[in-house]
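Peer 1: Quick one, what's the 3D model for this:
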Amino acid sequence: MNLEEYYKHYLTLHQSKWCRRLHFFGQLVTLFLLCVMIGYKVSIAAYLILPFIIYPFAWSGHFLFEKNKPAAFNNPIKAKICDWMMFKDMLLGKL
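Peer 2: As a prediction, this is how the structure comes out:
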């Protein structure tokens, strides 16, 4: 499955507006922390855990609202890319 096909599948796992909003908020928190970290001397380890900041937000959306398994459980790399694609689409008002 190519990325475009996977993204269509990914969106079927994110039909609840509350699940999508939790993903969006998690991405905002990630970007905020990145900006803060750039301004301070932080360890490499802090940058390595940054991509995982979204998961408590996103997974709670799946467990509470979607009642399904997060895409990251099956294909974490494509799911991470699709997280950002969905974030962009939400910012542009496409979702």
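Peer 1: Quick check: buried residues in the helix or strand containing Asp89?
Peer 2: Applying DSSP states H and E as the criterion places Asp89 in helix 76-91. Residues of helix 76-91 classed as buried by neighbour count (16 or more other C-beta atoms under 10 Å): 78-79, 82-83, 85-87. From N, CA and C alone the C-beta is placed, and that goes for glycine too.
Peer 1: Then stretch 11-18?
Peer 2: 13-14, 16.
Peer 1: Which one of those residues is nearest to Phe24?
Peer 2: Minimum separation from Phe24 among the buried residues of stretch 11-18 (C-beta to C-beta) is found for His14, which lies at 10.4 Å.
Peer 1: can I assume that closest one is in contact with Phe24?
Peer 2: No - His14 lies out of contact with Phe24 (C-beta atoms under 8 Å); the separation is 10.4 Å.
Peer 1: who touches both of those two?
Peer 2: Taking C-beta atoms under 8 Å, 6 or more residues apart in numbering as the contact rule, His14 and Phe24 both touch Met86.
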